[in-house]
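Below are the sequence and a predicted model; questions follow.
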Amino acid sequence: MRDRMEQINTEEIMQEIQAQIQQRGYVRNELKFEDVQVETGTGEVHEQIDDYFELDQFGVTVDHMKHTRKVRCWRMLDGSRLSVFFKKMIRKMIKFYVEPIIDEQNQFNFYTTSAMAQLYAKMQDEQAVRIMELQQQMEALEEKCRRLEEKCGE
Amino acid sequence: MRIVQILPVLAFGDAVGNDTRALKDALSEAGYETEIYAAVIDERLPQGTAQPFERLGKLTANDIVIYHLSNGHRLNYEIEKLGGKKVIIYHNITPERYFEKYNRDACANCVQGIKAAKRLAKTADYAIAVSEYNKQDLIRLGFTCDIEVLPILIPFEDYEKKPNAGVLRRYDDDYVNILFTGRIVPNKKQEDVIETFYYYKKYINPKSRLILAGSYVDVGKYHEKLELFARKLGLADVIFTGQIRFDEILAYYRLADVFLCMSEHEGFCVPLVEAMYFDVPIVARDTSAIGWTLGGSGVLLPDNDPVVAAEMVNRVLTDEALKEKILKNQRTRLQDFDNQKVKARFLQIIEKIIREN
């Protein structure tokens, strides 16, 4: 296969390129891709992993879902008067087909968003209960420590 | 005797799906009774293109099962239970390390795929690798059966369709268009393409544009990070197209002055062949299957040094004699992917399997 090819002297090209690099006086960019960190919606920098779980971030995502759940089949048309007229005609012609699909999608979005919001609320409740339990445990242990200290002091 | 092709997902317009459908056509034209079975069939495909996997009836010892292996899926474990000769077509599984930082699900899928491939190595009677690199990968995975190298069948006739006029109008100007096509995923190292573009635009040609054409839904965080990287570098004119229509892809290839591929892991890399078809000179990093797919054409970079890559892009664009040589070589290499040649070779392989059956 390679014998059918036109020979290209890549070594020579590479040498010329190295000389060209010296001439142009490149300053190497100090920013490395690995150092770039994307901020999450909570304003904090977390791991970049897509399915990283963090309750506050989950809340932000659910909030985004709520704001975007309603899909509209209507939008402002732009262009010249003639093109807007034709676009309106097309919109009217396909309305019977598009609207039911949009309705179905909206229904699905509604159920999914509600389910996610319920899940988030439940997680928050559970977290609150867990925090309360831990607080009680901590207070009990502190009380125990205090009593032991008193006992040792005696 | 039936020849059935099985794959987890028969998608519309992706490389594995196109290959599967083209192989079905080749088998039908040769007079074989054949069908495609998939767990998921893209609704955009014409009715009757494939059947749900559940409808696959009992297979006899004379039948041939061709399984397309490219990721982790429950079907990987169903193949060993089927009757007939098992032929594995290996499209490559991306090493999980590329997804570790971005998506646990994708990472687990790759791990599952490798695990299943090792298991399939024991049941495969024959294997077809879409590149020499993939053949070596199969050997590493424990395949001891005969392995043939057969390139992916690419539907070149589709490339003759009309390109999107809107895209052509928007970007057909005096800017240099540097193009890379493919999903925005970590193994394709789009960050190296962006960094190369940074040096090219800053030190060589400010009137230039980088087009990264490909879907970024799979690994969203990686895409966000790439956008931020480009912004922090102060780069304008970096275009992430996202998922686009086929006529838009055609338009981007028509607009491209150079195709820049810095990918670190490819099992074949169809976009390289597409660039060859559209007569776009290729500058690519010499990794995985890229060298094999280029087959001596294009220009290979030894590493991911972005300054060297930027200078090479400039050299290819400004040295007319070099560019002409590259394009001539690419046209020569393109002949090896001719559908008739690949189909004929595929049918030879099938006949060989039948004879040995």
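All right, it came through fine. Please read all numbers here as calculations on a predicted model, not as lab measurements. Numbering: from 1, shown residues only, chains lettered A, B, ... in the order given.

Go through chain B and flag its longest helix.
The residue-count maximum for a helix in chain B (DSSP state H) belongs to helix B:104-123.

partners of whatever helix or strand comes next after it, with directions?
Of the helices and strands lying after helix B:104-123 in sequence (DSSP states H and E), the nearest is strand B:126-129. Strand B:126-129 has the following strand partners under DSSP bridges: strand B:85-90 (parallel), strand B:146-149 (parallel).

And for the longest helix of chain B, what's in contact with it?
Identification of contacts with helix B:104-123 by C-beta atoms under 8 Å, 6 or more residues apart in numbering or on different chains yields A:49-51, B:67, B:69-73, B:76-77, B:79-80, B:86, B:88, B:90, B:93-96, B:98-100, B:138, B:141-144, B:218-219. (C-beta placed from N, C-alpha, C; glycine too.)

Equivalent analysis for stretch A:27-36, please.
Outside of stretch A:27-36, the residues that reach it under the criterion C-beta under 8 Å, 6+ apart are B:191, B:195, B:198-199, B:225, B:228-229, B:232-233, B:307.

between those residues, which is nearest chain A?
Closest approach to chain A among those (C-beta to the nearest C-beta): residue B:191, at 4.0 Å.

Run a quick neighbour tally on that closest one.
Per other C-beta atoms under 10 Å in any protein chain shown, the neighbour tally for residue B:191 reads 21.

Check the offset of the host helix or strand of it from the chain's centre.
Applying DSSP H and E as the criterion places residue B:191 in helix B:190-199. A distance of 21 Å separates the centroid of the chain from that of helix B:190-199, by C-alpha atoms, centre = their mean, to the nearest Å.

Mind listing residues that contact the next helix-or-strand element following it?
Note on helix B:190-199: by DSSP H and E, the next helix or strand toward the C-terminus is strand B:208-213. Contacts to strand B:208-213, defined as C-beta under 8 Å, 6+ apart, come from residues B:171, B:175-182, B:184, B:190, B:193-194, B:197, B:200-201, B:226, B:235, B:237-241, B:244, B:248-249, B:252, B:255-256.

chain center to the helix or strand containing residue A:124, what's the gap?
If you go by DSSP H and E, residue A:124 is part of helix A:81-153. Centre-to-centre, helix A:81-153 and its host chain are 15 Å apart (C-alpha atoms, centre = their mean).

same question, stretch B:208-215
Mean-position distance between stretch B:208-215 and its chain equals 17 Å (C-alpha atoms, centre = their mean).

How about residue B:32: what's its closest non-neighbour residue?
residue B:3 (5.1 Å; C-beta to C-beta, 6 or more residues apart in numbering or on different chains).

Just the buried subset of the contacts of strand B:208-213, written out for PyMOL, thanks.
Buried members of these, defined by 16 or more other C-beta atoms under 10 Å in any protein chain shown, are picked up in PyMOL with:
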select buried, chain B and resi 171+176+177+178+179+180+181+182+184+190+193+194+197+200+201+226+235+237+238+239+240+241+244+248+249+252+255+256
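
so of the contacts of strand B:208-213, which ones are in helices?
Using DSSP H, B:171, B:190, B:193-194, B:197, B:226, B:248-249, B:252, B:255 are the members of the contacts of strand B:208-213 that sit in helices.

any idea which of those is closest to residue B:300?
Among these, residue B:193 lies closest to residue B:300 (C-beta to C-beta), at 15.5 Å.

Let's see the pLDDT reported for that closest one.
pLDDT for residue B:193: 98.

Surely it is in contact with residue B:181?
No: using C-beta atoms under 8 Å, residue B:193 makes no contact with residue B:181, being 11.0 Å away.

buried residues in stretch B:46-62?
Across stretch B:46-62, burial judged by 16+ other C-beta under 10 Å covers B:49-50, B:53, B:56, B:59.

Enumerate residues external to it that contact any of its residues.
Residues outside stretch B:46-62 that contact it (C-beta under 8 Å, 6+ apart) are B:1-2, B:4, B:6, B:10, B:21, B:35-39, B:41, B:65, B:75, B:78, B:82-84, B:357.

First-to-last residue distance for that stretch?
Distance between the boundary residues of stretch B:46-62 (C-alpha to C-alpha, to the nearest Å) amounts to 29 Å.

centre of the chain versus it, how much separation?
26 Å.

cool, and stretch B:301-321?
When C-alpha coordinates are averaged (C-alpha atoms, centre = their mean), stretch B:301-321 and its chain have centres 23 Å apart.

Now look at it and say if it contacts chain A.
Yes: using C-beta under 8 Å from any C-beta of the partner chain, stretch B:301-321 reaches chain A at B:302, B:307-308, B:311-312, B:315.

All the strands of chain B, in order from the start?
Ranges of strands within chain B are B:2-10, B:33-41, B:51-52, B:64-69, B:85-90, B:126-129, B:146-149, B:176-181, B:208-213, B:238-242, B:258-261, B:282-285, B:299-301, based on DSSP state E.

Next, the angle helix B:104-123 makes with the fourth one.
An angle of 150 degrees separates the directions of strand B:64-69 and helix B:104-123 when computed by axes from the mean of the first three to the mean of the last three C-alpha atoms, to 10 degrees.

neighbouring contacts of strand B:64-69?
Strand B:64-69 has contacts (C-beta under 8 Å, 6+ apart) with B:1-7, B:16, B:19-20, B:23, B:59, B:75-76, B:79, B:82, B:84-91, B:93, B:113, B:116-117, B:120, B:350, B:353-354, B:357.

List the contacts of residue B:306.
By C-beta under 8 Å, 6+ apart, residue B:306 lies in contact with B:192, B:195-196, B:198-199.

will you turn those into JSON lines that also has distance to chain A?
Converted to JSON lines, the contacts of residue B:306 look like this (distance: C-beta to the nearest C-beta, whole Å):
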{"residue": "B:192", "distance to chain A": "8"}
{"residue": "B:195", "distance to chain A": "7"}
{"residue": "B:196", "distance to chain A": "11"}
{"residue": "B:198", "distance to chain A": "6"}
{"residue": "B:199", "distance to chain A": "7"}
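
which of those residues has the most neighbours?
Using other C-beta under 10 Å as the neighbour criterion, residue B:196 leads the contacts of residue B:306 with 28 neighbours.

wait, that residue sits on residue B:261?
No: distance between residue B:196 and residue B:261: 10.6 Å, which falls outside the contact criterion (C-beta under 8 Å).

Compute the first-to-last residue distance for stretch B:87-99.
Taking C-alpha to C-alpha, stretch B:87-99 runs 29 Å from one end to the other.

List the buried residues for that stretch?
B:87-96, B:98-99.

got it, and stretch B:321-333?
Buried residues in stretch B:321-333, defined by neighbour count with 16+ other C-beta under 10 Å: B:322-323, B:325-327, B:329-330, B:332-333.

How many residues are close by the closest residue to residue B:217 other than its chain neighbours?
Of all residues not flanking residue B:217 in the chain, residue B:243 sits nearest, at 6.8 Å (C-beta to C-beta, 6+ apart). Counted by other C-beta under 10 Å, the residues lying close to residue B:243 total 11.

likewise residue B:356?
For residue B:356, the count of nearby residues is 10 (other C-beta under 10 Å).

All set, thanks.
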